[in-house]
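1. next one to model:
(chains A and B)
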2 protein chains.
Amino acid sequence: MERQHISAAYDAELHALRQQLLAMGGLVEMMIADAIRALVDRDTPLAERVIAIDHEVNGHEVTIDEKCLELLALRQPAAGDLRFITLALKIVTDLERIGDQCANLAKRVREINTEPPLKPYIDIPRMAQRSSLMVQEALDAFVRGDDELAVKVCQDDQLVDELNQQIQRELYTYMLEDPSAISRAMKLTYISKSLERIADHATNIAEMVIFMVKGKDIRHTIA
Amino acid sequence: MERQHISAAYDAELHALRQQLLAMGGLVEMMIADAIRALVDRDTPLAERVIAIDHEVNGHEVTIDEKCLELLALRQPAAGDLRFITLALKIVTDLERIGDQCANLAKRVREINTEPPLKPYIDIPRMAQRSSLMVQEALDAFVRGDDELAVKVCQDDQLVDELNQQIQRELYTYMLEDPSAISRAMKLTYISKSLERIADHATNIAEMVIFMVKGKDIRHTIA
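-> Numbering: from 1, shown residues only, chains lettered A, B, ... in the order given. Coordinates of the predicted model:
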C-alpha cells in the first residue's frame, strides 16, 4: 500500500471535511428541535421553515460528497484516512435522510396543527431530544474516532425504541376509545415513527464508527 | 488527475463488484417477495426464513464494503471508476436497509398471521411487486450506467406513494368502522409503509445513478 505525503494542505482539507459534517449535523439537529417545537407550540410557520430548510441539507450533502471524491482522487489517502473519507460518504447520506425525516415530520405537524389538540405532548418531545442527542453524539464519535461514545449511542437506541412503543400503545388506546381521534392519533404515530427512524440513522452512523475504529484497529490513524 | 493503468485483473475486480451488488440485490428482491407471500399465504415459517436471511444480507454489505475499500486503496481509480466505487459504497447501505425493512415486515407478518385475516390482500402484493421491480431496475441502471432507466425508477416512486396512500385510506376506514380491526389495520399500515420505504431506497439509488451519469458527464467512463 502506498504511503501518502502528508501535507499541511491535506490536513487542512480533512479538518474542513470534519467541520462540514459537524455543520450539517448541527443543521439537522436544529430541524429536529424546530419540528417538535412547531408541534408543541402549534407554530405552523416554524414547521414551514423546517420543510424549506431541507434544501440546504441536500446542498450540504452534494458539497461533502464532492469534497470526499476530490480527496480520494487527488490525495489517494492511505488506510486510516481512506476509511474515514469513505465513511464520511456514507454518513452524509444518513444525515441527508434525517433531514428528509424532519421535513416529513414537519409536514405532519402542519396538518395536525389545523385540528384540535389530542393531548399534551410530553413523551414525543422527550423522544425528540434523545434522538437529537444521539445524532450529535454519533457525529462526535465519528470525527473523534471515539468508539466508546459510539457504543453508548447504540445502547440509547433501545430507549428510543421503548419510548416509541409506549407512545404507540398510548395512541392505540386513544383510537380504541374515540374513533374521532383516529386521524390525529395516526399522524402522531407517524411523527413518533419518524423520530425512531432518526434514532436509527444515528445508530447506523455509530455502528459504522465502531467498525471503522475496531474493525481494522486503525484508531491511531484517525485521531 | 492521475490516470490509472488498467489491468485485466482490475477489470475483473470491477466486474466482480458489479456481480456482488447484483447478487445482493437478488437476495433482497427475494426477501420482499417471500415476506409478502408469507402474508398472503399466512405462511409464518416463510416469514421466519426472511427474518433469518437478513444476516446474509448484512454479510454481503461487509464483503462489498471491504472490496470497495481495497479497490480504492490498491488501484487508486481515476474519475469514472472512482465515482462508480464510491457509489457502490453508498448503494450497498441502501440494499442493507431494504433487507432490514424486509425483516421488519416479516416480523409484522408473523404477528398478523396469529389473528383472523382482516381482508384479502390485493394492493399490498401489487405494491410489493412494484417496489421489488424498482430495486432491480435501480441496480441495473447502476451497473449499466443507464440514466434513462434510473429516471423511470424515480417516476415509478410516485405510483408506489399513491398505492400507499390508497391503502392507508382504506385501512383508516376499517379502523373507523370497527375498533376490533384497529390493531390489525395498524400492522398492515406498517407493512405498507415498509414497502414504501423500500421504494424510497430504490429511488435513492436511482437518484445517485443519475448524478453519477449526468452530474459530471462521465457516462463513457463507466459503461
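2. I'd say residue A:176 and residue B:179 touch.
-> Yes - using CB atoms under 8 Å, residue A:176 is in contact with residue B:179, at 5.2 Å. Bear in mind the C-beta positions are built from the backbone N, C-alpha and C, glycine included.
3. residue A:42 sits in which helix or strand?
-> Under the criterion DSSP states H and E, no helix or strand holds residue A:42.
4. ok, how many other residues are close to it?
-> If you count neighbours by other CB atoms under 10 Å in any protein chain shown, residue A:42 ends up with 13.
5. for it, which non-adjacent residue is spatially closest?
-> Nearest residue to residue A:42, sequence neighbours excluded (CB to CB, 6 or more residues apart in numbering or on different chains): residue A:113, at 4.9 Å.
6. now the one you found: how far from residue A:106?
-> 10 Å (CB to CB, to the nearest Å).
7. roughly how far does the spatially closest residue to residue A:43 that is not a sequence neighbour sit from residue B:95?
-> Spatial nearest neighbour of residue A:43, excluding adjacent residues (CB to CB, 6+ apart): residue A:37 at 6.6 Å. According to CB to CB, residue A:37 stands 36 Å off from residue B:95.
8. cool, and residue A:86?
-> 16 Å.
9. same deal with residue A:118?
-> For residue A:118 relative to residue B:95 (CB to CB), the value is 38 Å.
10. tell me which of the two has more neighbours.
-> Shown here are residue A:118 and residue B:95; by other CB under 10 Å, residue B:95 has more neighbours (25 against 17).
11. contact partners for the more buried one?
-> Residue B:95 sits next to B:21, B:24-25, B:28, B:57, B:60-61, B:135, B:201 when contact means CB atoms under 8 Å, 6 or more residues apart in numbering or on different chains.
12. which parts of chain A sit against chain B?
-> A:1-2, A:68-69, A:72-74, A:76, A:78-79, A:82-83, A:86, A:89-90, A:93, A:172, A:175-176, A:179, A:182-183, A:186, A:189, A:193, A:204 (CB under 8 Å from any CB of the partner chain).
13. number of residues surrounding residue A:180?
-> For residue A:180, using other CB under 10 Å, the count is 11.
14. may I have the phi/psi pair for it?
-> With angles defined as degrees, to the nearest 10, residue A:180 sits at phi -70, psi -10.
15. doesn't residue A:126 make contact with residue A:166?
-> No - applying CB under 8 Å as the test, residue A:166 and residue A:126 come out as separate, 10.3 Å apart.
16. these two: which is more packed in?
-> Remark: of residue A:166 and residue A:126, residue A:126 carries more neighbours, 16 against 13, as counted by other CB under 10 Å.
17. burial count for the nearest residue to that one once chain neighbours are set aside?
-> Excluding the flanking residues, the one nearest residue A:126 by CB to CB, 6+ apart is residue A:163, at 6.7 Å. Close neighbours of residue A:163, defined as other CB under 10 Å, add up to 21.
18. and residue A:163, what element?
-> Element membership for residue A:163 (DSSP H and E) is helix A:147-177.
19. now that helix: buried residues?
-> Neighbour counts using 16 or more other CB atoms under 10 Å in any protein chain shown place A:147, A:149-151, A:153-154, A:156-157, A:160, A:163-164, A:167-168, A:171, A:175-176 of helix A:147-177 among the buried residues.
20. what's the average pLDDT for the one helix or strand residue A:64 maps to?
-> If you go by DSSP H and E, residue A:64 is part of helix A:44-75. The average pLDDT for helix A:44-75 rounds to 94.
21. could you do stretch A:157-173 as well?
-> In this model, stretch A:157-173 has an average pLDDT of 95.
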